[in-house]
Structures are given as C-alpha cells and as structure tokens.
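[1] all I have is the shape, not the residue letters:
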C-alpha cells in the first residue's frame, strides 16, 4: 500500500489541466553569467530586498545555491521537455524516483531549512486525512532523506493546502509563502525572495518543481519578460506562471 501511494499520489497531486506539457521541444536554456545563489539574482532599479533576520527562512532561502547550468532535468536524468519555464535551477537533489514534484519541492525546502537549524520537532507534514508525519531522526541525513520519501508518498497539494495558513492579500506576501491550488489536479510554487521600492511596491521570485519529478527551478515571468524573473505584486489579480495560473486567495503561509 505504501509503495503504491508513493508512486501514484504525487503524480496526481500537481498534474496540470490537459496533462504534462509535451508540446515543447527540449531546448538549451543557458543564461550567461548565472547567479550563484538566489540572493545574487539582480534586482530591477529602485528595489531592495526586504529585511530579514539571521536564521530566518527568508535568509536561508536566499542562500540556496544555484547550478551553473539552468537546464532542468527529471529524476531519471532526462532533460525536461519544456526548457522555457526556468530562469535558474536550485542546486538541490531531486532524488532518483518520481516523487519530488510540486508540493513535495515546497516541503523539501521547508524541511531542509528546519533540518539545517536542527529544529527537528518542527519538521511535521500532514496527509489528506490530517495524519501527522513527524521527523524523529535527529542529525542523520539518511534518516531525513528516508522520512522525506515517505512524506512525498503520502502528502501533496491537497494536504499541504490544508496545513498552511491563508494569507488574505497578495501584497502581504513574504519569502517562504506558498501559492497553492490543492487537489487533483493541483499545483504549488514557493516565494523564494521579496523586494520593495520606496513606494512600497513589491516584487517577488517563485520556484517550482513539476511532474514528472524534476529539478526545483526559479520561474521566468511570462507576462513581463523585461522584469523576469521578478513578478510584481498586484492584489486581486491572477498570478500567471509559465505552467500554471494561480487565482487570488491562493496564497498560504507556514
């Protein structure tokens, strides 16, 4: 039963309407002078990153390293068919099973942050029946990876949406927040960084995995290529990403 859930549930959790985007041909997607971390992604003129304390989830997300190439690979080593969605690729393992899809990538980043700061008791995820999966392995990487595989098998967008707290307005977003549509189909992306200008206007970065399980990547902004990869905060307006559209009211927080 566990093996079946591990294989089937994640596949259902973030399938886009109409299925996986097969119409795109594999293309090289190399960006000259790629930044080495999320924090090194340059800002538009007039913007500054929001202040964040040391040890916060925001600060940790900014320090996540990026790969030297921005080609996205699947769990089996094959390049993703659509190489037009990403600006950069996070240097975080996708594993060798079709498990770490959309909500799983969000949970991976949150769990990695808590693991790095040895906040073992806070590493808890719930399945769709609200059954809690608590990490008890301490500073043991093998135990942590095994725990995550179990979580990825039983938890998904539907359960994660229930676990997170709604944020009323998009202009309240913070790094670490999640845009999520729970269900079958469903999808989730995570806010990796937020900046603002003197007028109080905010911009933000988004990251996702997708299906099949693939490298976590910083998304381009398809609606404003000149601002990409940054997205502008506009309340009461849909957030259109390369492979999913989120509606107002779908922002959540840990």
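    Structure's in. What do you need? Treat the numbers as computed from the prediction; the structure is a model and nothing was measured.
[2] low-confidence ranges in this protein?
    Filtered on pLDDT under 70, the chain yields the residue ranges 1-32.
[3] where do the helices sit along it?
    2-13, 57-62, 102-116, 141-154, 157-163 (DSSP state H).
[4] for these, which one ends up most surrounded?
    Mean neighbour count, computed with mean count of other CB atoms under 10 Å, is highest for helix 102-116 among these, reaching a mean of 23. The way it works is simple: take the backbone N, C-alpha and C, and place the C-beta from them, glycine included.
[5] what does it contact?
    Applying CB atoms under 8 Å, 6 or more residues apart in numbering, the external contacts of helix 102-116 come out as 10, 13-14, 57, 60-61, 64, 92, 100, 120, 122-123, 125, 135, 144, 148, 151-152, 155-157, 159-160, 176, 178, 180, 186-190, 207-211, 213, 216, 254.
[6] and that helix with helix 141-154, angle?
    If you take axes from the mean of the first three to the mean of the last three CA atoms, to 10 degrees, helix 102-116 sits at 150 degrees to helix 141-154.
[7] just use 101 as the starting number from now, easier for me
    Sure, I'll start counting at 101 from here, so that last one is helix 202-216.
[8] want to throw the helices of the chain into CSV with distance to residue 327?
    Output for these, formatted as CSV (distance: least, CB to CB, whole Å):
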stretch, distance to residue 327
helix 102-113, 30
helix 157-162, 19
helix 202-216, 23
helix 241-254, 33
helix 257-263, 27
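[9] could you give the number of residues near the spatially closest residue to residue 329 that is not a sequence neighbour?
    Of all residues not flanking residue 329 in the chain, residue 187 sits nearest, at 3.8 Å (CB to CB, 6 or more residues apart in numbering). Residue 187: 23 surrounding residues under other CB atoms under 10 Å.
[10] repeat for residue 143
    Using other CB under 10 Å, residue 143 has 13 other residues around it.
[11] how far away is it from residue 296?
    Computed as CB to CB, to the nearest Å, the residue 143 to residue 296 distance reads 10 Å.
[12] tell me which of the helices of the chain sits nearest to residue 301.
    helix 157-162 (18.6 Å; CB to CB).
[13] which secondary structure elements does the closest one contact?
    Applying 3 or more CB pairs under 8 Å, 6 or more residues apart in numbering; DSSP states H and E, we find helix 157-162 packed against helix 202-216, strand 287-296.
[14] mind listing what's buried in the shortest one?
    For strand 287-296, the buried set under the neighbour-count rule, 16 or more other CB atoms under 10 Å, comprises 287, 288, 289, 290, 291, 292, 293, 294, 295, 296.
[15] please name the nearest non-neighbouring residue to the second one.
    The spatially closest residue to residue 288, leaving aside those adjacent along the chain, is residue 280, at 4.1 Å (CB to CB, 6+ apart).
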